[in-house]
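# sequence-free structure coming up:
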């Protein structure tokens, strides 16, 4: 996968049908952009009200319980026909559709092993080998019988909530603008911070933290 840089103006032109700009790599190519939500847009977005306040509200009896923001709100731009291959996230996610329609196929965690995800050390970690749009029935003979795909078509104003480890495949039915916001357990966030600081301390001491504390798993999560 190549990630070429380009000005936003050029990206906007390439997203439009009938664009006459020469391809960057392949004759038929799609473009997909993700970026932290720009400050100018954040001024008009309330991420502290419903439904996010229900997720972030800590347990009064134990402040370490509840959820914490695991990734800042991100904007996704894609032209009609662009797809995101089947993959899963490690966090609880909200996906809100702003413009255009987006189709998703979702598979529960109980199906994950049969989707054949790449191992955690692989460059394609969290992606699955199955292509639900063109399934290889020799490799996945159980595709139609043993897998439970759920379809969602999001229109502007719709928000989809899905827990971690739900594999999902997305297709932009129109020129699409979406926003994602991800959360994880507050206690897990604290534990990862402690582990990261321990890894940093080991690096300064000259030890190999990947072998000493399993920090490879931390970085791959």
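Nice, I can see it. Because the structure is a prediction, the values reported are computed rather than measured.

# contacting residues for the closest residue to residue 117 other than its chain neighbours?
Take residue 117 and drop its neighbours on the chain: the residue closest to it by Cβ to Cβ, 6 or more residues apart in numbering is residue 128, 4.9 Å away. Any C-beta I mention is one placed from the backbone N, CA and C, and that applies to glycine too. Contact analysis of residue 128 by Cβ atoms under 8 Å, 6 or more residues apart in numbering lists 85-88, 112, 115-118, 167.

# may I see the ChimeraX selection of the buried members of these?
A single ChimeraX command selects the buried members of the contacts of residue 128 (16 or more other Cβ atoms under 10 Å):
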select :85,86,87,88,115,117,167
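
# same list (the contacts of residue 128) but as TSV, adding secondary structure, distance to residue 180 and pLDDT.
As requested, these are exported to TSV (DSSP: H, G, I helix; E, B strand; the rest coil; distance: Cβ to Cβ, whole Å; pLDDT from 0 to 100):
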residue	secondary structure	distance to residue 180	pLDDT
85	strand	16	93
86	strand	17	94
87	strand	13	93
88	coil	14	92
112	helix	20	90
115	helix	21	90
116	coil	25	90
117	strand	20	90
118	coil	21	91
167	strand	16	93
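
# show me which of the contacts of residue 128 is closest to residue 13.
Closest to residue 13 out of the contacts of residue 128 is residue 85 (25.2 Å), distances taken as Cβ to Cβ.

# so how far is residue 147 from the nearest residue in space to that closest one that is not next to it in sequence?
In space, and not counting its chain neighbours, residue 85 is closest to residue 127: 5.8 Å by Cβ to Cβ, 6+ apart. Here the criterion is Cβ to Cβ, to the nearest Å. By it, residue 127 lies 16 Å from residue 147.
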